[in-house]
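Q: Got a predicted structure plus its sequence, pasted below:
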Amino acid sequence: MTNPTPITVARGDGIGPEIMDACLKIMQAAGAQLDIEEVRIGQAEYLNGNATGIEDKAWGSLRRTGVFFKAPLTTPQGGGYKSVNVTLRKTFGLYANVRPVMSYHPFVYTKHPHVNIAIIRENEEDLYAGIEHRQTEEVYQTLKLISRPGSERIVRYAFEYARLNHRRKVTCFTKDNIMKMTDGQFHKVFDTIGAEYPEIEKEHWIIDIGAAKAATEPEIFDVIVMPNLYGDVVSDIAAQLTGSVGLAGSANIGEKVSMFEAVHGSAPDIAGLGIANPSGLLFAGVLLLIHIKQHEAAERVRNAWLKTIEDGIHTGDVYQDGVSKRRVNTEDFTAAIIERLGQRPIMLHPVNYAAGDTGLPPATPPIRREPSHKQLVGVDMFLDWDEQGRNPDALAERLRAINGDGLELLMITNRGVKVWPDGAPETFSTDHWRCRFQTPGEDGVRPGAPITHQAIVNLLQRAHDAGLDCIKTENLYTFDGELGFSLGQGQ
Ligand code: NAI
């Protein structure tokens with residue numbers, strides 16, 4: 001018998017305590033050896049005035065055990081409460097979100113009977129940095145931050161996951177036809193790292209058509225890896241398609257701590273009624289057991305659950321006339337699974353975890369590289385300007401008057417579209433202008449000689465003296481001679 005593995009458990013809010021009790025009971029009956037430390041997170045903590053929703057002692061427990069089994073929480077509306085998930089993800093660097101979704105046809109209704117996808121979502125970066133600003137009367141901004149080490153880690157995770165789980169293909173979704181720098185480097189990293197896995201098929205889809213394909217022909221996908229926002233949307237679409245959002249669980253993997261949870265929320269509408277379906281959290285529990293290398297217990301739980309579903313013993317949320325045989329509450333469903341421990345499904349595919357056909361790869365540290373040669377070659381000055389009928393030619397005239405220190409106005413764009421020189425009269429202009437200053441190069445687009453930071457400071461001073469409202473600047477760099485900025489549309 002293995003030594004019990006210490007894990008941290010939060011029973012959560014709403015239906016959380018009911019389904020957590022059910023899951024722990026099933027897992028322990030299956031032979032899982034768990035040394036449980038319970039912590040309090042969620043509504044009670046929020047209402048105690050703790051804006052993080054996490055009691056102090058939970059941090060020590062999570063650092064000690066490194067394994068977190070978390071029931072759903074209720075996030076109070078408004079009031080500056082922080083999302084526990086976002087706090088935990090960022091604090092512990094839980095960068096890989098793994099969500100397997102599959103059909104349980106014909107026992108759970110779905111139009112797509114043959115789906116078996118693992119979605120690997122980057123969990124820390126992208127538009128979730130939460131760095132947002134209102135810059136003018138009309139324009140709001142959010143920053144999309146995608147790092148190379150972050151992309152490398154998640155892409156490698158996806159390929160390692162595919163290898164360990166005998167998957168045949170990894171697909172990458174990005175929008176790099178538009179976001180050539182952020183998504184472009186994610187795609188490049190996918191190609192570079194993918195080359196190290198010759199036995200695995202690789203493909204890339206632009207996210208819009210990829211998501212459409214995932215919604216109509218999900219069976220063509222196997223493992224899909226994506227930046228954070230796309231992953232958020234596509235993983236819900238995929239789970240919904242299999243008719244099983246309530247049956248889905250996920251793992252959030254970091255170097256020191258990993259967290260396992262159901263995909264659904266705390267279902268306050270049915271809390272305390274004893275009818276909640278524990279299946280999503282139980283699947284997360286199975287992933288947890290795999291993570292702590294208790295594969296045999298994981299296999300026993302999963303096969304007993306599949307057999308219970310196959311036997312038509314269903315909670316109300318998945319019950320269907322003509323398919324289901326018995327409508328059960330949480331307690332009876334739990335008992336039915338425990339009764340079937342040691343059995344395997346006949347029509348649904350049984351799992352063989354103990355034979356080594358599954359695993360959750362460990363997190364890898366980010367890779368640091370030798371820095372490239374970085375040169376400052378210009379600046380984009382963003383202005384709030386709402387004068388002279390928003391005529392770009394008039395703005396250009398004022399800006400050319402502040403050229404100096406080698407910096408010359410090269411172009412003006414509005415919401416990314418070039419409006420000067422040679423803008424189209426039809427382009428709608430807001431009060432938010434991006435004005436590019438560079439030393440002119442040979443073709444008028446590539447930068448000329450490098451500039452100093454002092455030249456930018458001087459330019460800002462002259463803009464201020466000319467009564468212009470500069471809301472921010474972005475420096476323009478080259479890295480080993482390659483442009484570190486996009487060109488304006490129409491440039
Ligand atoms: P929800 O997922 O809790 O409920 C949506 C619907 O599905 C409800 O009708 C509910 O009764 C049903 N449902 C969900 N899980 C079920 C289960 N296991 N068995 C049977 N029926 C189930 O989503 P909702 O109502 O939008 O959110 C409720 C609370 O949960 C909110 O405070 C939200 O912030 C929180 N939430 C927490 C999550 C987490 O802790 N990871 C994730 C999503 C929401």
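A: Perfect, I can see it now.
Q: residue of the stretch 301-450 of the chain with the smallest distance to the ligand?
A: Of all residues in the stretch 301-450 of the chain, residue 317 sits closest to the ligand, at 3.9 Å by C-beta to the nearest ligand atom. Using the backbone N, CA and C atoms, a C-beta is placed for each residue, glycine as well.
Q: who's in contact with that residue?
A: Residue 317 makes contacts with 246, 277, as judged by C-beta atoms under 8 Å, 6 or more residues apart in numbering.
Q: Show me where the stretch 101-250 of the chain dips below the pLDDT cut-off.
A: Within the stretch 101-250 of the chain, no stretch has pLDDT under 70.
Q: Quick check: residues of it near the ligand?
A: Within reach of the ligand by C-beta under 6 Å from any ligand atom, the stretch 101-250 of the chain has these residues: residue 246.
Q: Point me to the residue of the stretch 101-250 of the chain nearest the ligand.
A: For the stretch 101-250 of the chain, C-beta to the nearest ligand atom, closest residue to the ligand: residue 246, 4.8 Å.
Q: can you map out the helices along this protein?
A: 16-29, 43-47, 56-65, 84-92, 148-164, 182-194, 207-216, 228-241, 279-291, 295-310, 330-339, 392-400, 453-465 (DSSP state H).
Q: can you redo these as JSON lines with mean neighbour count and distance to residue 373?
A: Output for those, formatted as JSON lines (neighbours: other C-beta atoms under 10 Å; distance: least, C-beta to C-beta, whole Å):
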{"stretch": "helix 16-29", "mean neighbour count": "22", "distance to residue 373": "53"}
{"stretch": "helix 43-47", "mean neighbour count": "18", "distance to residue 373": "49"}
{"stretch": "helix 56-65", "mean neighbour count": "16", "distance to residue 373": "40"}
{"stretch": "helix 84-92", "mean neighbour count": "18", "distance to residue 373": "32"}
{"stretch": "helix 148-164", "mean neighbour count": "22", "distance to residue 373": "16"}
{"stretch": "helix 182-194", "mean neighbour count": "20", "distance to residue 373": "18"}
{"stretch": "helix 207-216", "mean neighbour count": "16", "distance to residue 373": "33"}
{"stretch": "helix 228-241", "mean neighbour count": "20", "distance to residue 373": "30"}
{"stretch": "helix 279-291", "mean neighbour count": "26", "distance to residue 373": "42"}
{"stretch": "helix 295-310", "mean neighbour count": "23", "distance to residue 373": "49"}
{"stretch": "helix 330-339", "mean neighbour count": "19", "distance to residue 373": "60"}
{"stretch": "helix 392-400", "mean neighbour count": "17", "distance to residue 373": "30"}
{"stretch": "helix 453-465", "mean neighbour count": "15", "distance to residue 373": "17"}
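Q: among those helices, which is nearest residue 266?
A: helix 16-29 (5.6 Å; C-beta to C-beta).
Q: Mind splitting this structure into its structural domains?
A: With domains defined by automatic domain parsing, the chain comprises 1-92+243-352, 116-241, 374-483.
Q: And the residue of this structure that's closest to the ligand?
A: residue 265 (2.4 Å).
Q: right, and that residue touches residue 72 too?
A: Yes. Taking contacts as C-beta atoms under 8 Å, residue 265 lies within contact range of residue 72: 5.0 Å.
Q: Find residues that contact each of these two.
A: Common neighbours of residue 265 and residue 72 are listed as residue 14 (criterion: C-beta under 8 Å, 6+ apart).
Q: just to revisit the earlier point, dihedrals phi and psi, the residue of the stretch 301-450 of the chain closest to the ligand?
A: phi -70, psi -20 (degrees, to the nearest 10).
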